[in-house]
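Trainee: below are the sequence and a predicted model for it; my questions follow.
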Amino acid sequence: FNYTVTTTGVSSPCNNGTATGSIEVKALPSLTGTTPGAVCGEGTVTLGATASAGTLNWYGAQTGGTSLGTGANYTTPSISATTSYWVDATANGCTSARSEVVATVHGLPASPEISAGGPTTFCEGGSVTLTSSAGESYLWSTEATTPSIDVATAGNYWVKITDSNGCQSPQSTLTTVTVNELPTLAWSVPTEVCYDGEFSIELEGIKGLGPWTMGYEINGPEDFRSAGTLEGTTGKIDFDLQGQYAAGIYTFSVISLEDSKGCQASATTLQDNKFEVEVFAEPEVHISINDVVLGFKDEKSYTYGDNLKVTLSGIVSGTGPFDIAWKITDLSDPENETVVDTGSNNAAGVGFVLYDANTLAAGTYRIELTDLMDANGCTPSDIGAYAATIIINQRELTIGGSFEAEDKIYDREVSATMKENKLVLEGKVG
């Protein structure tokens with residue numbers, strides 16, 4: 001604005017007069033707005049302010065002090081407690097009053113707790129629900145953002161929550177979920193087995209979780225059906241036929257399989273695990289000395305020279321050819337039994353001569369089989385049943401009659417005896 005200055009009342013007329021001039025009044029800047037800031041836990045905070053004009057200056061105190069910075073925004077150093085800052089505006093040499101701008105530090109929410117809706121160790125195909133303690137929002141290790149998650153996969157799970165201030169908690173303690181695999185089957189089973197044989201069923205899929213319990217069902221010839229359970233501790237279950245099954249083809253079905261953790265094989269696994277085993281009959285044959293079958297209990301007497309032969313005289317069961325081993329023991333001296341002959345044959349069929357007994361001298365002998373195996377590799381349960389004791393007697397020949405000489409009648413008698421394979425004649429005339 002303009003102004004005039006007039007001086008009067010001065011005795012000297014030289015000192016009276018009028019002077020004119022002007023004064024410029026500049027507008028005082030003002031703050032038009034402030035923006036506080038906040039941080040969770042600790043860290044830097046960005047504050048903001050606006051002014052009608054001029055430069056914004058930031059301070060750490062309401063009065064005095066050195067400017068911390070200028071500009072519409074100010075970022076604090078890292079702080080761990082709520083702190084006040086002040087800002088003013090300077091324009092044309094004029095400075096506004098300072099206004100407080102607060103940098104707030106919010107405490108972090110406590111780590112949430114996870115509760116499990118069931119066991120955290122379960123079998124494949126199961127699941128468990130994990131639920132976080134309360135929060136405004138959630139973030140799981142799976143990237144889910146719901147209060148609860150359903151878990152079917154093994155692993156370590158955590159959750160973080162965010163409170164109403166937007167602060168996120170530290171992650172929770174890990175919750176470990178263990179998923180046990182279901183047992184599966186891999187057969188180590190022969191397709192053929194003897195009546196008294198055994199085989200093994202190998203179990204794979206889970207290691208070290210025995211003992212295993214397996215339920216099975218067997219169907220076979222003549223409407224045969226059997227069921228039961230077997231247990232194993234090393235991933236292998238042994239099945240012993242024990243001679244309980246007649247010859248034929250049997251279908252084995254696994255109807256249940258459970259490990260020590262309570263995990264059961266899936267229905268698909270069970271359906272896919274059936275196998276067939278052909279059970280061979282116990283071999284049974286007839287071995288005969290002439291027309292007498294070995295195995296009779298009483299001694300049988302023969303006469304030297306009866307053309308004795310040991311033959312395969314009949315096949316009751318089993319598949320030829322048969323590997324047959326035998327031995328002949330001389331029992332004539334009970335205190336000194338002597339094996340006089342041994343041998344083995346591959347008997348192709350009925351009528352096959354195993355041993356020609358015509359070479360045996362008179363005496364008492366035991367003829368017995370020491371081994372019998374058919375073409376399927378099966379042997380009888382009691383090889384001792386194939387034995388017999390025979391007595392070979394000397395053959396005697398008596399020649400008798402009479403004749404007349406010089407009016408006398410003479411009788412004659414001659415006997416012929418086989419001794420050591422020689423014919424010895426003895427007789428008299430009287």
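Mentor: Everything's here; your move.

Trainee: what's the first-to-last distance across stretch 54-63?
Mentor: Terminal residues of stretch 54-63 are spaced 19 Å apart (C-alpha to C-alpha, to the nearest Å).

Trainee: strands along the stretch 151-300 of the chain, start to end?
Mentor: Here the stretch 151-300 of the chain has its strands, by DSSP state E, counting those that start in this stretch, at 155-157, 159-162, 175-180, 184-188, 192-194, 198-204, 212-220, 224-232, 236-240, 248-258, 274-280, 284-289, 292-293, 300-303.

Trainee: adjacent strands (with direction) for the first one?
Mentor: When sheet partners are counted by DSSP bridges, strand 155-157 sits next to strand 175-180 (antiparallel).

Trainee: dump the strand it pairs with to PDB, restricted to CA.
Mentor: C-alpha atoms of strand 175-180 as PDB (Å, rounded to 0.1, in the frame of the first residue of the first chain):
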ATOM      1  CA  THR A 175       2.400 -77.900  12.100                       C
ATOM      2  CA  THR A 176       3.700 -81.100  10.600                       C
ATOM      3  CA  VAL A 177       1.300 -83.300   8.600                       C
ATOM      4  CA  THR A 178       2.500 -86.900   7.900                       C
ATOM      5  CA  VAL A 179       0.700 -88.900   5.200                       C
ATOM      6  CA  ASN A 180       1.500 -92.600   5.200                       C
END
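
Trainee: which regions of the stretch 201-350 of the chain sit below the pLDDT cut-off?
Mentor: Counting by pLDDT under 70, the stretch 201-350 of the chain has low-confidence residues at 202-209, 234-237, 296-298.

Trainee: if you set the cut-off to 90 instead, what comes out?
Mentor: Where the stretch 201-350 of the chain drops to pLDDT under 90, the residues are 201-218, 220, 222-247, 250-277, 286-314, 320, 332-335, 345, 347-350.

Trainee: coming back round to it: ok, which of the strands of the stretch 151-300 of the chain comes nearest residue 56?
Mentor: strand 159-162 (32.6 Å; C-beta to C-beta). Glycine gets a C-beta too; all of them are placed from N, C-alpha and C.

Trainee: circling back to that earlier point, for residue 90, which of the strands of the stretch 151-300 of the chain is the nearest?
Mentor: strand 159-162 (40.5 Å).

Trainee: chain center to the closest one, what's the gap?
Mentor: 37 Å (C-alpha atoms, centre = their mean, to the nearest Å).

Trainee: what's the first-to-last distance across stretch 238-257?
Mentor: End-to-end distance of stretch 238-257: 14 Å, with C-alpha to C-alpha as the criterion.

Trainee: buried ones in it?
Mentor: By neighbour count on 16 or more other C-beta atoms under 10 Å, the buried set for stretch 238-257 is 239, 241, 245, 247, 250, 252, 254, 257.

Trainee: ok, back up a step: most tightly packed of the strands of the stretch 151-300 of the chain?
Mentor: Ranked by average neighbour count under the criterion mean count of other C-beta atoms under 10 Å, the strands of the stretch 151-300 of the chain are headed by strand 159-162 at a mean of 22.

Trainee: mean confidence score for that strand?
Mentor: Average pLDDT, strand 159-162: 98.

Trainee: same for it, what does it pack against?
Mentor: Applying 3 or more C-beta pairs under 8 Å, 6 or more residues apart in numbering; DSSP states H and E, one finds that strand 159-162 contacts strand 128-132, strand 137-140.

Trainee: can you rerun that using 7 Å?
Mentor: Helices and strands touching strand 159-162, by 3 or more C-beta pairs under 7 Å, 6 or more residues apart in numbering; DSSP states H and E, are strand 137-140.

Trainee: got the contact list for the strand it packs on?
Mentor: 132, 145, 146, 147, 149, 157, 159, 160, 161, 162 (C-beta atoms under 7 Å, 6 or more residues apart in numbering).

Trainee: mind listing the strands for the stretch 301-430 of the chain?
Mentor: 309-317, 322-330, 338-347, 353-356, 363-373, 387-393, 396-405, 408-419, 422-429.

Trainee: name the pair among the buried residues of stretch 238-257 with the greatest separation in space.
Mentor: 247 and 257 (28.6 Å).

Trainee: below-threshold pLDDT in the stretch 1-150 of the chain: ranges please.
Mentor: Scanning the stretch 1-150 of the chain with the threshold set as pLDDT under 90 gives 1-27, 93.

Trainee: what about 50?
Mentor: Applying pLDDT under 50 to the stretch 1-150 of the chain flags no residue at all.

Trainee: check the offset of stretch 305-314 from the chain's centre.
Mentor: 59 Å.
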